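> Predicted model, plus sequence, below.
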Amino acid sequence: MLLNTGSTGPNHKEYVTWSDSYSMGVKIIDDQHKGLLDFVNDLFNHSTGNEVEEYAYFKEVIQQAVQYVKDHFQTEEKLMIATKFANYPGHKKAHDTFTLTVLKSVKDFESGKRLVLEKFAYFLKDWILTHIAVMDRQYAEYFRKIATRKADGKLTITIEDLEKQSSP
Ligand SMILES: [Fe+2]
């Protein structure tokens, strides 16, 4: 995937590209993180500064995007619970706070407040990248430890693996 990272001018856009350094070593999580970054890039693509266009775009995509984020957080939380990750409460709190912030933006938007798409895109980008680099990395390291204890030496953990492990 080639994305332009060096554009300048009135619609300067800081697209984000996937890097292997973001990988958690868990395919389903990596795929979802890629999906989130795709959404951020899509927001940048639609940041035209034209209020009518931005409104129409945001109205069309935001509910699905919110659901995607919720599903993603649930996937991570399910993995953390199943593996008894110690900082699950702190991580869950970070997810909940972020979700509330996004929902507040959506509510403001629905009540007629102007939402500047580019500003929203920057907020999402910064939050997601920081969250992946700091909090997600903590459980990724923990998962890696657990995975290496498995008999076949596999370094990935899937939901199916965990369900097999935790079933009586
Ligand atoms: Fe997370």
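Everything's here; your move.
> Determine the next helix or strand in the C-terminal direction from the longest helix seen in the chain.
Assignment by DSSP state H gives helix 51-82 as the longest helix of the chain. Sequence-wise, the next helix or strand downstream of helix 51-82 (DSSP states H and E) is helix 88-110.
> List the buried residues in that following helix.
88, 91, 94-95, 98, 102, 105-106, 109 (16 or more other CB atoms under 10 Å). Placement of C-beta: from N, CA and C, glycine included.
> For Gln32, state which of those is nearest.
Nearest to Gln32 among the buried residues of helix 88-110 is His95, at 12.7 Å by CB to CB.
> Give me the subset of the buried residues of helix 88-110 that also touch the ion.
With the criterion set as CB under 5 Å from the ion, no member of the buried residues of helix 88-110 is near the ion.
> Can I get those residues in JSON lines including pLDDT and distance to Val69?
Output for the buried residues of helix 88-110, formatted as JSON lines (pLDDT from 0 to 100; distance: CB to CB, whole Å):
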{"residue": "Tyr88", "pLDDT": "96", "distance to Val69": "18"}
{"residue": "His91", "pLDDT": "98", "distance to Val69": "14"}
{"residue": "Ala94", "pLDDT": "98", "distance to Val69": "13"}
{"residue": "His95", "pLDDT": "98", "distance to Val69": "9"}
{"residue": "Phe98", "pLDDT": "98", "distance to Val69": "8"}
{"residue": "Val102", "pLDDT": "96", "distance to Val69": "7"}
{"residue": "Ser105", "pLDDT": "94", "distance to Val69": "12"}
{"residue": "Val106", "pLDDT": "95", "distance to Val69": "11"}
{"residue": "Phe109", "pLDDT": "93", "distance to Val69": "16"}
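> could you dump the residues you listed to TSV with distance to Glu54?
Output for those, formatted as TSV (distance: CB to CB, whole Å):
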residue	distance to Glu54
Tyr88	37
His91	32
Ala94	28
His95	27
Phe98	22
Val102	16
Ser105	13
Val106	14
Phe109	10
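> ok, back up a step: show me which residues of the longest helix of the chain are buried.
Across helix 51-82, burial judged by 16+ other CB under 10 Å covers 54, 57-58, 62, 65, 68-69, 72-73, 75-77, 79-80.
> What is the lowest-pLDDT residue among the residues you listed?
Within the buried residues of helix 51-82, the minimum per-residue pLDDT falls on Leu79 (88).
> And the buried residues of helix 88-110, which two are furthest apart?
Tyr88 and Phe109 (31.4 Å).
> thinking again about what came up before, okay, angle between the longest helix of the chain and helix 88-110 too, please.
160 degrees (axes from the mean of the first three to the mean of the last three CA atoms, to 10 degrees).
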